[in-house]
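Chemist: Sharing a model prediction with you, sequence too.
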Amino acid sequence: MRNLGLVARNLALEGAERYPDHVELQKMARILAPPKVTVSKRPPDPGIKGNMAWLNTHWDEYKGQWVALRGGQLLAMADSFEGIIDQVGPIKNTGILVTKLW
């Protein structure tokens, strides 16, 4: 049996080539296109190591809870994701890690 993902990708790419002005076909071709690897020359974020160290040390204390971390520091704890956002506000581009501990 053929890989249906590859069949869908090939059909979307062919459709996008044949009908370059068709918005939906262009969208599907972008979504189903082969993945691209990009290299970032930015220095590593030192906060990630701190967050991982905090998680390794404290995960058992906060098991079942949502936590917000930045740079290895606990910013907030709640029973839900929404509870975290209520405490820390929007997290996009802030370096804040929000996760539930299992």
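Modeler: All right, it came through fine. Just so you know, these numbers come straight off a predicted model, no measurement behind them. Numbers count the residues shown, from 1 in each chain.

Chemist: quick one: M77 and G64 touch, right?
Modeler: No: M77 lies out of contact with G64 (CB atoms under 8 Å); the separation is 10.6 Å. In short, each C-beta sits where N, CA and C put it, glycine included.

Chemist: The two: who's more crowded?
Modeler: Neighbours per residue, other CB atoms under 10 Å: of M77 and G64, the larger number sits with M77, 15 against 8.

Chemist: partners of the strand or helix carrying the more buried one in the sheet?
Modeler: Per DSSP states H and E: M77 is located in strand 73-78. For strand 73-78, the paired strands and their directions (DSSP bridges) read strand 66-70 (antiparallel).

Chemist: Report the beta-bridge partners for R70.
Modeler: On the basis of DSSP bridges, R70 is bridged to Q73.

Chemist: That one contacts L97, doesn't it?
Modeler: Yes: when contacts are counted by CB under 8 Å, R70 is listed as touching L97 (7.0 Å).
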